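J.: let's see this in three dimensions:
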Amino acid sequence: MSTPPDQQRREESAGLMEYSTESLVPFGPIHPALKEPEYFKLILEGERIVNVIPRIGYVHRGLEKAAESRPWVQNMYMFERTCGICSFVHSLCYGQAVEELTLYQVPRRAKYIRTIIAEMERIHSHLLWVGLMGHWAGFDTLFMWVWNDREVVLDLVEAIAGNRVHKSMNAICGVRRDMPENMTDRILERMKFLTDRARYYREVIDTEETMLKRTENLGRVSAETAEKLCAVGPMARYVGLKHDVRLNDPYAAYDEVPLDVITSNEGDVHALLKLRLDELIVSANIVSYAVKNLPDGPVRVKVPPIIPAGEHASHCEAPRGEIFYYVKSTGGRTPDRVKSRQPTMANIPTALEMLKGQTLADIPIVLTAIDPCFGCMDRMSFYDTETNKKWTWSGEQLRQYGINYYFPERAKQQRKFARQMGSSVNESLREAL
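T.: Below you'll find the predicted structure:
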């Protein structure tokens, strides 16, 4: 018995747009492959992705606005909370921008300690990412092995800083803690162990059938496209672009330590895996050199709570790529403006190109390949495109808007109360209600 034509069309379309060669599939904002909410509108021909339209902004946290009401030092530890994986580099980059407004110099020993912690953070971030790539490729054994080895570097960070995630090591013009005594041999031993493990994982990735089938020839993009779309970090280097802030504009002690910038010309997800493992080895070598050549001297210069008027920008090479911080001071105890840009924002356009031509089943591993952190990336502002009007809301106005959106009955009662109160409720709050 033959299948009726209508039923056959429904089966072939898999429940999508039945009579169109192009189909629209929503991906996110809540999806098992997304640890943070983000929305991607996928346009497909059959199973192949032909276009991707992103919708960002689901995890805006208002850090930049919050910085304007907090002292300079408090902001350093608030911006460290931008990311739970590469937290140290955020406080470092913000601190460097503030330091340029002062008349003080960071002690050389503090620069070396900053470099040590930054590279340990890069090691743990890359190991975390390699494990996740193994998970989404269906090789959970790799995930468990790598995350077990990641504990080695996290233990070292905890021994130095007192914390495993948010290190709270940076201070304006220095670091808060000196290196513990008698740790040199322990650090060197652990760096050698991690170097050996990285080489072993590289061999596994090059020979294990599951990883080869799920990563080779996946997410390809040309060097010209990546450069045009302003890719940063490993996303630029895996197509042969030698872009690294540590080399191009050295900070901390990177102008005094041996640095080998790894690049590749293969341009697929498999190349990204090998590149990050090679970068891990470079980071371990930098840590070993810095520990053995750690200079003597103080680790911090005391800075007054009032920062001179001026503005400055700083950038650093985070594990995911270049981060950027801009600060403006009017000569007070708090910033007039702080702006930050994270590498995920810069790499989203390249990720959209990587997804084109892939299948639905490839989305988790391709998105994971850019090592996204949507919570770091998202920002929000009010802008009327017709009148070019810009404005901001206070926390109270944002709270009232949330009540109005999620609890309309409660908002109705509040509007009635506002009318009764008359002039005691300001006009901007009325707009939010």
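J.: give me the neighbour count for Glu203.
T.: 11 (other C-beta atoms under 10 Å). Heads up, the C-betas are built off the backbone N, CA and C, glycines and all.
J.: quick one: it is in a helix?
T.: Yes - residue state for Glu203 (DSSP: H, G, I helix; E, B strand; the rest coil) corresponds to a helix.
J.: quickly note the distance from it to Thr141.
T.: 14 Å (C-beta to C-beta, to the nearest Å).
J.: same question for His166.
T.: 30 Å.
J.: which one of those two is surrounded by more residues?
T.: Ranked by neighbour count (other C-beta under 10 Å), His166 and Thr141 place His166 first, with 16 against 11.
J.: and that one, how close does it get to Glu80?
T.: Counting by C-beta to C-beta, the separation of His166 from Glu80 is 5 Å.
J.: what touches both of the two?
T.: Taking C-beta atoms under 8 Å, 6 or more residues apart in numbering as the contact rule, His166 and Glu80 both touch Ser87.
J.: which strands and helices sit next to the one helix or strand Thr350 maps to?
T.: Using DSSP states H and E, Thr350 sits in helix 343-355. Helices and strands touching helix 343-355, by 3 or more C-beta pairs under 8 Å, 6 or more residues apart in numbering; DSSP states H and E, are strand 48-55, helix 223-228, helix 234-237, strand 321-329, helix 363-369, helix 374-377.
J.: right, so these: which one is the most enclosed?
T.: Mean neighbours per residue, mean count of other C-beta atoms under 10 Å, is largest over the helices and strands packed on helix 343-355 for helix 234-237, with a mean of 27.
J.: in the following helix or strand past that one, what counts as buried?
T.: Note on helix 234-237: by DSSP H and E, the next helix or strand toward the C-terminus is helix 245-248. For helix 245-248, a neighbour-count test (16 or more other C-beta atoms under 10 Å) marks Val245, Arg246 as buried.
J.: alpha carbons only: can I get helix 245-248 in PDB?
T.: Coordinates of the C-alpha atoms in helix 245-248 are reproduced here as PDB (Å, rounded to 0.1, in the frame of the first residue of the first chain):
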ATOM      1  CA  VAL A 245      47.500  41.200  22.500                       C
ATOM      2  CA  ARG A 246      50.300  39.600  24.500                       C
ATOM      3  CA  LEU A 247      52.500  39.800  21.400                       C
ATOM      4  CA  ASN A 248      51.100  42.900  19.600                       C
END
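J.: residues in contact with that helix?
T.: For helix 245-248, contacts defined as C-beta under 8 Å, 6+ apart pick out Tyr251, Tyr254, Leu259, Val261, His315, Cys316, Glu317, Glu322.
J.: ok, now with 10 Å
T.: Helix 245-248 is contacted from outside by 93, 115, 118-119, 122, 232-233, 242, 251-252, 254-255, 257, 259-261, 282, 286, 314-318, 321-324, using C-beta atoms under 10 Å, 6 or more residues apart in numbering.
J.: quick one: which of those sit in strands?
T.: Residues of the contacts of helix 245-248 located in strands (DSSP state E): Ser314, His315, Cys316, Glu317, Ala318, Gly321, Glu322, Ile323, Phe324.
J.: closest one of these to Lys356?
T.: For the ones in strands among the contacts of helix 245-248, the residue nearest Lys356 by C-beta to C-beta is Gly321; the value is 21.1 Å.
J.: show me where pLDDT drops low in the stretch 1-150 of the chain?
T.: For the stretch 1-150 of the chain, the stretches flagged by pLDDT under 70 are 1-22.
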